[in-house]
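>>> Here's a sequence, model it:
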Amino acid sequence: MSNQATFKAVADSTQGDWDIILNEQRAFIKGLPDRIMQHMMLLDADFGGFPVDRLQHCLQTAELAAEDGRDDEYVVCALLHDIGDSLGSLNHADVAAAILEPFVSDANHWMIKHHAIFQGYNFFHYLGMDRNLRDNFRASPHYERTEEFIEKYDNPAFDYDKPRLELSTFEPLIRKVFSSPKKGVYQSLMD
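Below you'll find the model as predicted:
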């Protein structure tokens with residue numbers, strides 16, 4: 001049997017085609033941790049004017065969360081919170097949240113999706129923006145969690161005197177969190 005379906009339009013596909021596709025997709029999905037780590041490396045040496053490169057910022061954020069005793073899922077969220085910087089320069093938090101959503105709790109997803117607005121409290125006023133934009137989300141049950149994420153982990157993770165951290169330190173956590181989706185239309189593919 002070939003490892004490639006033969007239809008020209010999805011509407012013309014057969015169960016046999018989808019058996020082939022499903023087998024290939026399961027293997028592809030299992031490679032997600034490797035692709036995430038490769039994409040994180042795009043942030044290496046990308047300073048964007050900041051005192052540390054984007055990768056070191058993400059690593060420092062994750063390290064602070066881990067040192068504070070946060071669970072593995074939270075630490076991975078801290079690590080990936082800015083993964084979208086390279087492709088979603090104007091909506092990086094949405095990109096990170098979309099990647100994480102099938103694998104994390106609603107609270108962690110919301111925190112990552114909104115973290116850029118909450119971080120804005122620290123600098124939006126320098127850009128002529130409303131630094132209190134985060135106040136629009138006060139009614140959310142995840143407001144304080146996101147505010148704490150910024151204050152304790154994201155905001156202080158620009159320490160240029162800190163020794164260089166390595167992404168490989170967090171590889172086991174990435175593999176763990178991305179091994180088992182919690183929700184999503186394709187969750188059953190991994191069963």
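>>> Give the next helix or strand downstream of the helix or strand hosting residue 66.
In this structure, residue 66 sits in helix 54-67 according to DSSP states H and E. With elements assigned by DSSP H and E, the helix or strand that comes after helix 54-67 is helix 72-80.
>>> between that following helix and helix 54-67, how many degrees?
160 degrees (axes from the mean of the first three to the mean of the last three CA atoms, to 10 degrees).
>>> contact partners of the helix or strand of the chain with the lowest mean pLDDT?
Lowest mean confidence among the helices and strands of the chain (mean pLDDT, DSSP states H and E): helix 15-30, at a mean of 93. By CB atoms under 8 Å, 6 or more residues apart in numbering, the residues outside helix 15-30 that reach it are 1-7, 186, 189-190. Any C-beta I mention is one placed from the backbone N, CA and C, and that applies to glycine too.
>>> Just want the angle from the following helix or strand past it to helix 15-30.
Remark: after helix 15-30, the chain's next helix or strand is helix 32-40, criterion DSSP H and E. Note on geometry: by the same axes, to 10 degrees, helix 32-40 and helix 15-30 are set 50 degrees apart in direction.
>>> the helices in this structure, which residues?
15-30, 32-40, 54-67, 72-80, 92-100, 106-119, 143-149, 171-177 (DSSP state H).
>>> hey, which of these is tucked in deepest?
helix 72-80 (a mean of 24; mean count of other CB atoms under 10 Å).
>>> That one to helix 92-100, inter-axis angle?
For helix 72-80 against helix 92-100, the angle by the same axes, to 10 degrees is 140 degrees.
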